[in-house]
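Trainee: please work out how this folds:
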Amino acid sequence: MATLALFGTDSLALPKSLQEAVEHGEVFTRGWVVELILDLIGYTPDKDLCDTKLIEPACGGGAFLGAIASRVSASCHAHSRPLTDATEAVRAFDLLDHNVEQSRTLITRALQDEGWGSADSERIAAAWVRQGDYLLQADSDHCADYVVGNPPYIRLEDVPDDRMAAYRDACPTMSGRADIYIGFYETALHSLTPGGRLGFICADRWMRNQYGRALRHLVTRGFSMDLVLTMHDVDAFDEQVSAYPAITVISNHRQGPTVVADTTRAFDAARSRDFVAWCRSGAREQIDAEAFQAVRLPHWFPGEESWPAASPARLAMLEDLTKRFGLLEDSRTGTRVGIGVATGADKVFLTQNADAVEPDRLLPMAMVRDTTSGTLDWGGTYLVNPWSTDGDLVDLDAYPRLASYLDRHGDSLRKRYVAVKQPHRWYKTIDKVDARLTRRPKLLFPDMKLTIHPVLDEGGLYPHHNLYYIVSDTWDLRVLGGLLLSGIAQAFVEAYAVRMRGGTLRFQAQYLRKIRVPDPDAIDERDRAALADAFDRRDVEAATEAALRVYGLAELPE
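Mentor: Just a heads-up that it's a prediction; the model follows:
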């Protein structure tokens, strides 16, 4: 953590643009949600809270601090300690002076209402709340047993350039077009003492998008994801905002079991107490109540790739299948996922003119529109192919018709980035053509579709770059196609893939590679026949029924 100090804690002159960004990014948390977070991290009055350290990184008007003050007060009474013993027990930061004053006033009032004297209450309030930038404090200001809060929602591009550079230097996970809450997670995690716990309510997009990748890596490498409580439909804030919030609890210890939960609009203060009671009881692995559904997973999903998003029951199923079965892409079975050829100039390289160039320079192409019916119906598109079978560009002197064709389009081809970078190879496509792929049987997948749509190419066509493909040395592709047509394969992709407008999914290689499959030899003849038949008939229900037997599942949870 960097120790930059761009301003002191007694006075603060913020650039107007940053002050506006901070005020725009303030979203204040409802009181019952604060109580829920404090309960979930175990910050409770039965502990001697004077001997712990809690930090709130961006206190705003004091929504968390009022509840924290009440709990510290109750702890002091329970352990017969004077309030002044808690002077160092809490530290809160905020950039805005009016937030600092409002928070101090709120703490003072809360402690006085608990029966503490005005002098001690004011002293505690002044000690607890400081004006400053949490992301740029010295390391010594951060060490904590608990970190709680609602980090600000501000895009890095809305921060002045010098401050943005300081943030990126202090927080390496804050890459790309990140929201600065990424830095709050990183700083808080690094500050936790052994066994310390972080409890944030924050947008959950970092769990899946590109700019959260480094933070996911940090969490899975050194911390335990203890709880994820999704609250998209809950009025968790004082204002109506489209923030896709979730409460996350992360601990500084080896990964242990994880509670995953989702809520409905019925989730409120009373139901939140029911949820906490279920979490603490450890009585059941799964609960399905009116206001929330939850499951205990034996561990969290590993790696820095996108973490899955699904109902708790679906996540439990995916975790179970991940534990019991291998990945679809597997060197043992020779199964590989790839993408078709990108040309960088489709208007030039794709043609339906069978006489455009020499016949052996025309490669039949499979296009997305050829797969619509579920069986491959070639529409007559060719790739004008500049690649030889040995993987190098052909000599244009040996192909005068190809040379003439490409020369007619030379101006546009030479302007492409790949041609500017390699002028002597100006007529190359972006991707090389692997001549062997044309002859191989393969399953083709349109990139964008509402549901998974495997289509068999028996061999003879080369896929366009809007098609992904699967080849295998071992699988009967009709059997594999049945598995991939099933609702189970759909569930894997739905959990990981990006959804476009209208619910369209991206069936890209990175998501297809998440699918788990059994060993081909472990599928009995009856199920092999059922999967192949379902694939031929495009019968998703029959494919799912057979797949459930193969995976050893009783049902496909919603």
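Trainee: what lines up beside the longest strand seen in the chain in the sheet?
Mentor: Longest strand of the chain, by residue count under DSSP state E: strand 192-203. As defined by DSSP bridges, the strand partners of strand 192-203 come to strand 144-149 (parallel), strand 245-251 (antiparallel).
Trainee: point out the most buried one among these.
Mentor: strand 144-149 (a mean of 25; mean count of other Cβ atoms under 10 Å). C-betas here are computed from N, CA, C, even on glycine.
Trainee: just list what the next helix or strand after it packs against, helices and strands only.
Mentor: Sequence order places helix 161-170 as the next helix or strand after strand 144-149, per DSSP states H and E. Counting contacts by 3 or more Cβ pairs under 8 Å, 6 or more residues apart in numbering; DSSP states H and E, helix 161-170 is packed against helix 181-191.
Trainee: before we move on, the earlier item: could the strands paired with strand 192-203 be laid out in a markdown table, adding distance to residue 530 and mean pLDDT?
Mentor: Putting the strands paired with strand 192-203 into a markdown table (distance: least, Cβ to Cβ, whole Å; pLDDT from 0 to 100) gives the following:
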| stretch | distance to residue 530 | mean pLDDT |
| --- | --- | --- |
| strand 144-149 | 52 | 96 |
| strand 245-251 | 39 | 95 |
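Trainee: figure out which of those strands is closest to residue 221.
Mentor: Among these, the nearest to residue 221 by Cβ to Cβ is strand 245-251 (12.3 Å).
Trainee: that older thread, can you lay out the strands paired with strand 192-203 as JSON lines showing distance to residue 315?
Mentor: Output for the strands paired with strand 192-203, formatted as JSON lines (distance: least, Cβ to Cβ, whole Å):
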{"stretch": "strand 144-149", "distance to residue 315": "25"}
{"stretch": "strand 245-251", "distance to residue 315": "13"}
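Trainee: rewinding a little: quick one, the longest strand of the chain and helix 181-191 angle?
Mentor: Strand 192-203 runs at 160 degrees relative to helix 181-191, counting by axes from the mean of the first three to the mean of the last three Cα atoms, to 10 degrees.
Trainee: hey, C-alpha coordinates of strand 192-203 in CSV?
Mentor: Only the C-alpha atoms of strand 192-203 are listed here, as CSV (Å, rounded to 0.1, in the frame of the first residue of the first chain):
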residue,chain,number,x,y,z
LEU,A,192,-7.1,-7.4,7.8
THR,A,193,-5.4,-9.0,10.7
PRO,A,194,-5.3,-12.9,10.7
GLY,A,195,-8.9,-14.0,11.0
GLY,A,196,-10.1,-10.4,10.3
ARG,A,197,-13.3,-10.0,8.3
LEU,A,198,-14.5,-7.5,5.7
GLY,A,199,-18.2,-6.8,5.2
PHE,A,200,-19.2,-4.6,2.3
ILE,A,201,-22.4,-3.9,0.5
CYS,A,202,-21.5,-3.0,-3.0
ALA,A,203,-22.2,-3.6,-6.7
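Trainee: what's in contact with that strand?
Mentor: 29, 33, 37-38, 40-43, 53, 143-151, 153, 179, 181, 184-185, 188-189, 223, 226, 231, 236, 243-253 (Cβ atoms under 8 Å, 6 or more residues apart in numbering).
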